[in-house]
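Participant: pasting the sequence and the predicted model now:
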Amino acid sequence: MATPFETHVVIFPFMAQGHTLPLLDLSKALSRHHIKVSIVTTPGNAKSISNYIASYPHVYLIEIPFPTVDGLPKGCENTSQLPSMEFHLQFTNATKELRKPFQNILQTMLDSETPPICVISDFFLGWTLTVCQALGVPRLVFHGMGVLSMAISKSIWVHQPHLKVNSVFDPLHLPGMKLPFTLTSADLPETINVQSHDDPLSKLIEEAGEADASSWGVVVNSFEELEGSHIPYFESFYSGAKAWCLGPLFLHEKMEDLEKSHSSMLIQWLTEQITPDSVIYVSFGTQADVSDAQLDEVAFGLEESGFPFVWVFRSRTWTLPGGIEEKIKGKGLIVREWADQRRILCQRSVGGFLSHCGWNSVLESISAGLPILAWPMIAEQSLNAKLIVDGLGAGLRVKREQKCGSAVVVSREAICEGVRELMGGEKGRNARERAQALARVARRAVEDGGSSDGNLSKMIAQLRTC
Ligand SMILES: O=c1ccn([C@@H]2O[C@H](COP(=O)(O)OP(=O)(O)O[C@H]3O[C@H](CO)[C@@H](O)[C@H](O)[C@H]3O)[C@@H](O)[C@H]2O)c(=O)[nH]1
């Protein structure tokens, strides 16, 4: 007979890879602590989730159907399937239709032998708060972002310092906050760099933000040694909630296991590149839309840099520019399907990461001791890039200069120059040393007795007494 669990946690991730993956990693960590985890998701997301958690016996999947909504492409249940990020708002609003089925399943779980001690749900699923309140279950919110970028975003939202400066290059003053770098409006993500909060996206952020502020706690994929100094300021935007830094969440799976457990053609190719730190890895995450003209520049820039590369990306339209295929043969791999980024980053031959600075990629890169060539594109990535380059010294910034029509394009020359400096220059060497030092601290944080491991135990202990 199966042993009944004492503790049960419900996790409801937002249907976007960058938001789901860290919560699946948290599920694995909880499972290792013999805690039962129920992951709530929709059928279209269930397969990839169940593959990811397959070997974890205490993690269960609960499916609720994704609603059919006018204007959203049929069968689209994950932001990575959206034709463009313009559909994000509509997609997020559609998830509100999941309220009733979620309430029903939560009620059923509460009536079971192991009622859940909490629900951990994404910021964009703010409507889960009232369901939890109605049923008396503490809700913890998960943003997917780091502490510093969340603290800045909240401060900008509340104090609006960008409306009080004369130029976009004037330093912003965030009342009560000690920034590790100079911040200007030019650095702000588009979502918060707004004149008013009247547009539909701002309304959605405001609504989710109210639920956020009233949550029991915040689960953060970061570690105290990296961002601990910003926690009190961040927590000041909540009604008593504590921010629990439990990351890097993916490191709860041992780095050595990641290194060993893969034998794809791509990993084989990386193993054949015998010079350590010689390959540049390139990825712009799962959400940014990159134009075909820009992808051409990336291809030429990487080729001209002379460094071997692995470039993983998604595009339905882009084809290799004429003549380049022959030139990159044997020197670079272009991968159009999902590749296991974490395993790629821990190969000995990989020496740097040209990245959009999504928070997961930032954590994965520093945990592997790799410096970043920062090329922020959307969301809070510009703030992550500032932290990595100006705050931590673990990366360099790619130069943006050339205009192509109305869009700012990073030229092939800038990419080539950035890659060469990161992989072979002195600034790159210094950034690598910083990244390697951070990797040691990150790994320690999740080990037995480390700060994140300790926070996980304390958080569960407190929830058990609620
Ligand atoms: O082929 C691929 C593509 C992605 N990944 C993984 O997918 C995740 C991607 O996450 P991230 O690097 O954070 O990029 P996005 O998915 O673009 O991230 C979104 O979500 C993040 C967390 O909230 C935000 O920081 C970003 O700004 C937002 O774009 C990482 O774990 C990658 O390792 C792979 O393993 N293989």
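Facilitator: Cool, got the structure. Everything numeric in this text was worked out from a predicted model, so none of it was measured. Numbers count the residues shown, from 1 in each chain.
Participant: mind giving me the domain ranges of the protein?
Facilitator: Annotated domains of the chain cover 8-254+448-464, 260-443 [the TED database].
Participant: include mean pLDDT and mean neighbour count when you put these into JSON lines, please.
Facilitator: Every residue, glycine included, has its C-beta placed from N, CA and C. Formatted as JSON lines, those follow (pLDDT from 0 to 100; neighbours: other Cβ atoms under 10 Å):
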{"stretch": "domain 8-254+448-464", "mean pLDDT": "95", "mean neighbour count": "18"}
{"stretch": "domain 260-443", "mean pLDDT": "93", "mean neighbour count": "19"}
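Participant: in TSV, list those domains along with distance to the ligand.
Facilitator: Output for the domains of the chain, formatted as TSV (distance: least, Cβ to the nearest ligand atom, whole Å):
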stretch	distance to the ligand
domain 8-254+448-464	2
domain 260-443	2
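Participant: for this structure, which helix is longest?
Facilitator: Looking across the chain with DSSP state H, the single longest helix is helix 426-446.
Participant: what's that helix packed up against?
Facilitator: helix 224-227, strand 350-355, helix 359-367, strand 395-397, helix 412-424, helix 451-464 (3 or more Cβ pairs under 8 Å, 6 or more residues apart in numbering; DSSP states H and E).
Participant: isn't F142 right up against I120?
Facilitator: Yes. Using Cβ atoms under 8 Å, F142 is in contact with I120, at 5.8 Å.
Participant: now do the shared contacts for these two.
Facilitator: L23, V219 (Cβ atoms under 8 Å, 6 or more residues apart in numbering).
Participant: ok, the nearest residue to A339 once chain neighbours are set aside to I280 distance?
Facilitator: Excluding the flanking residues, the one nearest A339 by Cβ to Cβ, 6 or more residues apart in numbering is V312, at 4.6 Å. According to Cβ to Cβ, to the nearest Å, V312 and I280 sit 12 Å apart.
Participant: H159 now?
Facilitator: 39 Å.
Participant: L392 too?
Facilitator: 20 Å.
Participant: go on, G450?
Facilitator: For G450, the distance to I280 equals 30 Å [Cβ to Cβ].
Participant: now do K36
Facilitator: For K36 relative to I280 (Cβ to Cβ), the value is 42 Å.
Participant: ok, now which ones touch I105?
Facilitator: Counted by Cβ under 8 Å, 6+ apart, I105 has contacts V40, I62, I64.
Participant: related to what we said a few turns ago, for the residue nearest to A339, grab phi and psi.
Facilitator: phi -110, psi 130 (degrees, to the nearest 10).
Participant: what's opposite it in the beta bridge?
Facilitator: Beta bridges link V312 to S283, V335, judged by DSSP bridges.
Participant: verify the stated contact: it with Q341.
Facilitator: Yes. At 6.9 Å, V312 counts as touching Q341 under the criterion of Cβ under 8 Å.
Participant: which residues are common contacts for those two?
Facilitator: By Cβ under 8 Å, 6+ apart, V312 and Q341 have these common neighbours: Y281, S283.
Participant: how far away is the residue lying closest to G352 once chain neighbours are set aside from S202?
Facilitator: Sequence neighbours aside, L422 is the residue nearest to G352 in space, at 4.6 Å (criterion: Cβ to Cβ, 6+ apart). For L422, the distance to S202 (Cβ to Cβ) stands at 36 Å.
Participant: and if you look at P67?
Facilitator: For P67 relative to S202 (Cβ to Cβ), the value is 23 Å.
Participant: now G393
Facilitator: To S202, G393 is 34 Å away according to Cβ to Cβ.
Participant: next: E426.
Facilitator: Look at E426 and S202: by Cβ to Cβ, they are 44 Å apart.
Participant: L135 and F102 touch, don't they?
Facilitator: No. Using Cβ under 8 Å, L135 is not in contact with F102; the gap is 10.3 Å.
Participant: run through the residues that contact N193.
Facilitator: N193 neighbours (Cβ under 8 Å, 6+ apart): I156, H162, S185.
Participant: can you list which of those are found in helices?
Facilitator: Those of the contacts of N193 lying in helices (DSSP H): I156.
Participant: so M177 is in which element?
Facilitator: For M177, there is no helix or strand it lies in under DSSP states H and E.
Participant: contact partners for it?
Facilitator: With Cβ under 8 Å, 6+ apart, M177 has these contacts: A151, I152, S155, H230, Y233.
Participant: how near is S55 to R342?
Facilitator: 16 Å.
Participant: oops, could you answer that again for S31 instead?
Facilitator: Taking Cβ to Cβ, one finds S31 at 18 Å from R342.
Participant: please apply the same query to Q103.
Facilitator: For Q103, the distance to R342 (Cβ to Cβ) stands at 35 Å.
Participant: please apply the same query to A241.
Facilitator: Between A241 and R342 the computed distance is 30 Å (Cβ to Cβ).
Participant: and stretch 101-117, how far apart are its ends?
Facilitator: Start-to-end span of stretch 101-117 (Cα to Cα, to the nearest Å) is 19 Å.
Participant: revised request: answer the last question for stretch 276-292.
Facilitator: This stretch, stretch 276-292, spans 32 Å end to end (Cα to Cα).
Participant: and it, how far out from the chain middle?
Facilitator: Its chain's C-alpha centre and that of stretch 276-292 lie 14 Å apart, by Cα atoms, centre = their mean, to the nearest Å.
Participant: do you have the strands of the stretch 151-300 of the chain handy? List them.
Facilitator: 217-220, 242-245, 279-283 (DSSP state E, counting those that start in this stretch).
Participant: for these, give me TSV that also has distance to T114.
Facilitator: Shown next, in TSV, are the strands of the stretch 151-300 of the chain (distance: least, Cβ to Cβ, whole Å):
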stretch	distance to T114
strand 217-220	20
strand 242-245	22
strand 279-283	39
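Participant: excluding chain neighbours, what is closest to F123?
Facilitator: Setting aside the residues directly before and after it, F123 is nearest to H143 in space (Cβ to Cβ, 6+ apart), at 4.6 Å.
Participant: you'd agree the one you found is up against V220?
Facilitator: Yes. With contact defined as Cβ under 8 Å, H143 counts as touching V220 (7.5 Å).
Participant: joint contacts of those two?
Facilitator: M150.
Participant: what's the closest non-adjacent residue to M377?
Facilitator: With Cβ to Cβ, 6+ apart, the residue lying closest to M377 is A288, at 4.0 Å.
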